[in-house]
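# From the sequence below, what's the structure:
(chains A and B)
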Number of protein chains: 2
Amino acid sequence: MGKRLGKQTVALKDPPVVRGWAAVGGKKEGEGPLRDCFDRLSEDPYFGEQSWEKAESRMLRDCFTLACDKAKLPPSELDYIISGDLLNQCISSAFAMRDTSVSYFGTYGACSTMAEALSLGAMLIDGGFASRVCAVTGSHFCSAERQYRFPLEYGGVRAPTAQWTVTGAGAAILARGGEGPKLTQVTTGAIVDAGITDANNMGAAMAPAAYGTIKAHFADTGRSFADYDAVFTGDLGAVGHDILQSLLEKDGIDTQLKYMDCGMLIYDRKTQGVNSGGSGCGCCASVLAAHILPAMEKGIWKRVLFAATGALMSPTSAQQGESIPSICHAVVIEREG
Amino acid sequence: MGKRLGKQTVALKDPPVVRGWAAVGGKKEGEGPLRDCFDRLSEDPYFGEQSWEKAESRMLRDCFTLACDKAKLPPSELDYIISGDLLNQCISSAFAMRDTSVSYFGTYGACSTMAEALSLGAMLIDGGFASRVCAVTGSHFCSAERQYRFPLEYGGVRAPTAQWTVTGAGAAILARGGEGPKLTQVTTGAIVDAGITDANNMGAAMAPAAYGTIKAHFADTGRSFADYDAVFTGDLGAVGHDILQSLLEKDGIDTQLKYMDCGMLIYDRKTQGVNSGGSGCGCCASVLAAHILPAMEKGIWKRVLFAATGALMSPTSAQQGESIPSICHAVVIEREG
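Residues are numbered from 1 along each chain as shown, chains lettered A, B, ... in the order given. The predicted model follows:
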């Protein structure tokens, strides 16, 4: 049974445990700083399938299966799967889960989808509606390029502010009771539109949404950066990271060097040619499962704010000259001891 | 605090009330059997906007505002908005809600999205995480045709099994306590893929999902058609309706003439040229708000099963020869007295 702490935040009374997690990545992700942290890396961008979309779906499914295995949980014992992705009509997640026989909620929050899925999953468990929920999201560079930008064969030059869609997936199994990192609070974002129209500068469009949600979280909980070992956004990239940093500084908020962005952690921007950094439903999801949760398990961090951002535009809205509505959903993850 | 009744069904302990609702439709919907039931009908397919997508977004926003007005609730007093639509990246709902300042969950379940939003909203309220939630979904014939099929100017001939995407939106405000129809149970569908590959025959693809969810609901609750005054699917159309009817009959399940489909209720198939019937996120949502909830308010029906279906394919998956995964989410709505 939850408790509302403020306008956008709820506290979970009996916080669900992250019982297992998994991260799958592609070749480029395997060449980045987190190369040793993924559960599986595929040299083959097709993941053995015949199209980019089917590859993305296969990757999601593999990640889901790995997470269930690591949680020692047969998929049939899940009460809900909550999933989503960037493809039109969210096909990669739907096709990935079509033979699971598990109750399924499709979600769409662009690159914030993993935090949305974790938020809903945690509330379903704490509300007594479920004992075990899997949150799983992913993205694929090649399917995203084809759909959002240009066919790969076109070889378009990328803007310096552009981000690189991560080929990756992350899954987390939430459960009632047990040992492990716990989801203790959920701050759900409202949509923020700062008037940015440049679809090659998602970081600038999303930073105000992250700012809004983090400010709301602090207002609702009375906390500050001092109460966290680390605060992650995902995925503003370097451009958005710096905008958020300066928005917070203007408010007199000291980030105490604890603020990091998942889009900057997954690649080496100096050598990997990703411009502003990583993005996509698979970026913060895989960084969560490959980097953040394992570090919490090792006791490196005890309390983390995971604030995932999403740009809720489409190629059609961009072509119609619309600005980019954005959102940021945050969850607090804590580890005792 | 919820209670699990079975593999796919939960009961709400303190069932949320549908405190207000609204339905908005277009010209064709205003010529159909429910013409006198909509809160607002627009002769202008553009709803005063400059593109089909913006029209859809405007319609969703108008419906949302109407529902809040009818519930006598300032939008700022909502704890969550849960919304979704058929457009790529769900832009019509995101753009409609971008200036609400209310915590927002984007959902995607194709034409089942309204039932998904109601399910999640009801659980968030019963779980203690919210007091007031708006579920709102919609679709627009012209934006859907352009995106899924052909530009309108092409004048393509429609298959007899094809359905007509409803230009309409439906919104429902769920709240803790008060008078009105209540959401008492939620049965959440798993994805079902019956191997249908004909994107012009969604009814056939979705009927097995409806069958699965209705059977699961009866198994989990021990109920049958005898326990309901009416059972609605949305939106199988005539083809899917007949398939579901025969699947149930083969199992020896007597529907007692209580089974109806929202896609058949919204249009007069004899005179309106809609082939198998209506479809789209706005079909069952507007039929719920224009027809089902008002009839319950009048005491015509006391217990209804609202089982919305969605086809989780995309033009890309269809072009790649994939079959159509489908889903059906059901909620029980009851009125005392």
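# partner residues bridging A:Ala230?
A:Val304 (DSSP bridges).
# and it, what does it touch?
By C-beta atoms under 8 Å, 6 or more residues apart in numbering or on different chains, A:Ala230 lies in contact with A:Lys258, A:Met260, A:Ile292, A:Trp301, A:Val304, A:Leu305. Where C-beta positions appear, they are placed from N, C-alpha and C, glycine not excepted.
# Mind telling me the two of those farthest from one another?
By the measure C-beta to C-beta, A:Lys258 and A:Ile292 form the most distant pair in these, at 12.9 Å.
# In terms of helices and strands, where is A:Arg146?
helix A:141-148 (DSSP states H and E).
# Near chain B, which residues of the stretch 151-300 of chain A are found?
For the stretch 151-300 of chain A, the residues in contact with chain B (C-beta under 8 Å from any C-beta of the partner chain) are A:Val186, A:Thr188, A:Gly189, A:Ala190, A:Ile191, A:Val192, A:Asp193.
# and the closest residue to A:Ile214 other than its chain neighbours, helix, strand or coil?
With C-beta to C-beta, 6 or more residues apart in numbering or on different chains as the criterion, A:Ile214 has its nearest non-adjacent residue at 5.9 Å, and that residue is A:Ala307. Assigned with DSSP: H, G, I helix; E, B strand; the rest coil, A:Ala307 falls in the strand class.
# Could you check how far A:Ala307 is from B:Arg146?
35 Å (C-beta to C-beta, to the nearest Å).
# Just want to know which of A:Lys258 and A:Ile292 has more residues nearby.
Legend: neighbour count by other C-beta atoms under 10 Å in any protein chain shown for A:Lys258 and A:Ile292, higher for A:Ile292 (26 against 17).
# Name the SS class of that one, please.
Per three-state DSSP, the local secondary structure of A:Ile292 is helix.
# quick one: A:Asp235 and chain B, what's the gap?
A:Asp235 sits 16 Å away from chain B, going by C-beta to the nearest C-beta, to the nearest Å.
# I'd like to know how many residues surround that residue.
For A:Asp235, using other C-beta under 10 Å, the count is 39.
# Backbone torsions only: list them for it.
Dihedral angles of A:Asp235 (phi, psi; degrees, to the nearest 10) stand at phi -140, psi 100.
# Please look at it and A:Cys284 and confirm they touch.
Yes. Counting by C-beta atoms under 8 Å, A:Asp235 does reach A:Cys284; the two are 5.6 Å apart.
# Tally up the residues packed near A:Ser139, please.
Neighbourhood size, A:Ser139 [other C-beta under 10 Å]: 30.
# Tell me who's in contact with the nearest residue to it once chain neighbours are set aside.
Excluding its sequence neighbours, the residue lying closest to A:Ser139 (C-beta to C-beta, 6+ apart) is A:Gly280, at 3.1 Å. Contacts for A:Gly280 (C-beta under 8 Å, 6+ apart) come out as A:Leu86, A:Cys111, A:Gly138, A:Ser139, A:His140, A:Phe141, A:Ala144, A:Thr165, A:Val166, A:Gly168, A:Asp235.
# same thing but at 7 Å, please
Listed by C-beta atoms under 7 Å, 6 or more residues apart in numbering or on different chains, the contact set of A:Gly280 reads A:Leu86, A:Cys111, A:Ser139, A:Ala144, A:Thr165, A:Val166.
# Same question for A:Leu73.
With contact taken as C-beta under 7 Å, 6+ apart, A:Leu73 is in contact with A:Gly20, A:Arg132, A:Ile173.
# go on, A:Asp14?
A:Asp14 neighbours (C-beta under 7 Å, 6+ apart): A:Asp126, A:Arg176.
# What score does it have for pLDDT?
Looking at A:Asp14, its pLDDT is 96.
# So which of the contacts of A:Ala230 is the closest to chain B?
A:Leu305 (16.4 Å; C-beta to the nearest C-beta).
# tally of neighbours for the closest one?
The tally of other residues near A:Leu305 (other C-beta under 10 Å) stands at 26.
# Could you do A:Glu77 as well?
Around A:Glu77 there are 13 residues (other C-beta under 10 Å).
# Just list whatever residues bridge to the residue lying closest to it once chain neighbours are set aside.
Spatial nearest neighbour of A:Glu77, excluding adjacent residues (C-beta to C-beta, 6+ apart): A:Arg132 at 6.1 Å. For A:Arg132, the beta-bridge partners are A:Ala175 (DSSP bridges).
# Quickly find the element holding A:Met260.
strand A:259-261.
# what lines up beside that strand in the sheet?
With DSSP bridges as the test, strand A:259-261 pairs up with strand A:230-234 (parallel).
# Which residue does chain A have closest to chain B?
Counting by C-beta to the nearest C-beta, chain A gets nearest to chain B through A:Gly127 (2.3 Å).
# A:Arg269: what secondary structure?
Assignment for A:Arg269 (three-state DSSP): coil.
# Who are the contact partners of the residue nearest to it when sequence neighbours are not counted?
Spatial nearest neighbour of A:Arg269, chain neighbours left out: A:Gly277 (6.0 Å); criterion: C-beta to C-beta, 6+ apart. Counting by C-beta under 7 Å, 6+ apart, A:Gly277 makes contact with A:Gln163, A:Asp235, A:Gly237, A:Ala238, A:Asp261, A:Gly263, A:Met264, A:Tyr267, A:Arg269.
# try 6 Å this time
Contacts for A:Gly277 (C-beta atoms under 6 Å, 6 or more residues apart in numbering or on different chains) come out as A:Gln163, A:Gly237, A:Ala238, A:Gly263, A:Met264.
# so can I have a markdown table of the residues you listed showing secondary structure?
What follows is these, written out as a markdown table (three-state DSSP):
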| residue | secondary structure |
| --- | --- |
| A:Gln163 | coil |
| A:Gly237 | helix |
| A:Ala238 | helix |
| A:Gly263 | helix |
| A:Met264 | helix |
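# Looking at pLDDT only, which of those residues scores worst?
Among the contacts of A:Gly277, A:Gln163 has the weakest pLDDT, 93.
# That residue - how many residues pack around it?
Counted with other C-beta under 10 Å, residues neighbouring A:Gln163 total 30.
# Okay, helices next: where are they in the stretch 101-250 of chain A?
Using DSSP state H, counting those that start in this stretch, the helices of the stretch 101-250 of chain A run over A:113-126, A:141-148, A:202-221, A:237-250.
# Tell me the buried residues in the last one?
Going back to what we said before, that points to helix A:237-250. Going by neighbour count (16 or more other C-beta atoms under 10 Å in any protein chain shown), the buried part of helix A:237-250 is A:Gly237, A:Ala238, A:Val239, A:Gly240, A:His241, A:Asp242, A:Ile243, A:Leu244, A:Gln245, A:Leu247, A:Leu248.
# ok, for A:Trp301, nearest residue in space, not its chain neighbours?
Distances taken as C-beta to C-beta, 6+ apart place A:Asp229 nearest to A:Trp301, at 4.0 Å, with adjacent residues excluded.
# Next, work out how far apart that neighbour and B:Ser326 are.
44 Å.
# swap in A:Asp69?
A:Asp69 is 28 Å from B:Ser326, where distance means C-beta to C-beta.
# Pick out whichever of those two has more residues nearby.
More neighbours surround B:Ser326 than the other of A:Asp69 and B:Ser326, with 32 against 14 (other C-beta under 10 Å).
# what bridges to that one?
Residues in beta-bridge contact with B:Ser326 (DSSP bridges): B:Val192, B:Ala311.
# so who does it touch?
B:Ser326 touches B:Val192, B:Ala205, B:Met206, B:Ala209, B:Ala311, counting by C-beta under 6 Å, 6+ apart.
# Of these, which is the nearest to chain A?
B:Val192 (7.7 Å).
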